[in-house]
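Visitor: Got a sequence here, can you build the structure:
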Amino acid sequence: MDTENFARLVYLGLLLVAVGGYFLIEFRRRPQRTIQQAILWGLIFLGTLAAVGLWTDIRSTVMPSQTVLSDGRIEAPLAPDGHYYLTAEINGVSVRFVVDTGATDIVLTRRDAKRVGIDTVGLAYIGQARTANGIVRTAPVRLETMELGPIRDSNVRAVVNDSEMDTSLMGMTYLTRFARVELTRDRLVLER
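Guide: As a prediction, the model looks like this:
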């Protein structure tokens, strides 16, 4: 047994003696209350173990993520909010997109544009886009590289939105680069 495992064993032994000693002393004073507390802590411990054991399932349900399959297909599950999300690398920086078939362009938030190295202060907001919230100003930009799984594109046209947005949008001009875009009840499939 190496020293690290030995130290852990000693620590756990001391912890067991301290907690066990406390329960033994309390059991002598108030046996009924001590049994209730022991059962409560046992249930908390079992609940924690269950949560840790099921964490991967919980995370994939709450925050589903895209999958790149060996044949080059990209699949994204339907998120609990009813949208499909994809993460792409723009100029080497990960950006999360909501897939929006109602959007024409790739639309970056100002925050994401700054993260990928675009100077948002010097942009010319000369374009317009009609959204559910009205007309917004946009600035045309070119993305040096955009990688979605194994697919890499260069010199990709996009716009930066001058208004507040929570998430960048992946619109139809990028989606039409794929040979197949399939939306099913619970999955988005992209294939080139």
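
Visitor: tell me which strands and helices the helix ranked longest in the chain is in contact with?
Guide: Using DSSP state H, we find that the single longest helix of the chain is helix 3-29. Contact here means 3 or more CB pairs under 8 Å, 6 or more residues apart in numbering; DSSP states H and E; on that basis helix 3-29 packs against helix 31-53. In this view, the C-beta of every residue, glycine as well, is placed from N, C-alpha and C.

Visitor: angle of the helix it packs on against helix 3-29?
Guide: Orientation check (axes from the mean of the first three to the mean of the last three CA atoms, to 10 degrees): helix 31-53 against helix 3-29 gives 150 degrees.

Visitor: May I have helix 31-53 as CSV, with CA atoms only?
Guide: The C-alpha trace of helix 31-53 is given here as CSV (Å, rounded to 0.1, in the frame of the first residue of the first chain):
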residue,chain,number,x,y,z
PRO,A,31,-31.7,6.5,21.6
GLN,A,32,-34.8,7.3,19.6
ARG,A,33,-33.6,10.7,18.3
THR,A,34,-30.2,9.2,17.5
ILE,A,35,-31.7,6.4,15.4
GLN,A,36,-33.8,9.0,13.5
GLN,A,37,-30.7,11.1,12.8
ALA,A,38,-28.7,8.0,11.7
ILE,A,39,-31.5,7.1,9.3
LEU,A,40,-31.7,10.6,7.9
TRP,A,41,-27.9,10.8,7.4
GLY,A,42,-28.0,7.4,5.8
LEU,A,43,-30.6,8.5,3.3
ILE,A,44,-28.7,11.7,2.6
PHE,A,45,-25.6,9.5,1.9
LEU,A,46,-27.5,7.1,-0.3
GLY,A,47,-29.1,10.0,-2.2
THR,A,48,-25.6,11.6,-2.8
LEU,A,49,-24.2,8.3,-4.0
ALA,A,50,-27.2,7.9,-6.4
ALA,A,51,-26.7,11.4,-7.7
VAL,A,52,-23.0,10.9,-8.3
GLY,A,53,-23.7,7.5,-10.0
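
Visitor: and it, which residues are buried?
Guide: By 16 or more other CB atoms under 10 Å, the buried positions in helix 31-53 come out as residue 34.

Visitor: shift numbering so it begins at 21
Guide: New numbering, starting at 21: the last item is helix 51-73.

Visitor: distance between that helix and the chain's centre?
Guide: Counting by CA atoms, centre = their mean, to the nearest Å, helix 51-73 is centred 32 Å from the centre of its parent chain.

Visitor: So in that sheet, which strands flank the longest strand along the chain, and in what orientation?
Guide: What stands out as the longest strand in the chain, according to DSSP state E, is strand 154-168. With DSSP bridges as the test, strand 154-168 is paired with strand 105-110 (antiparallel), strand 147-151 (antiparallel), strand 171-181 (antiparallel).

Visitor: what's residue 111 in contact with, if anything?
Guide: The neighbourhood of residue 111, defined by CB atoms under 8 Å, 6 or more residues apart in numbering, consists of 136, 137, 163, 164, 165.
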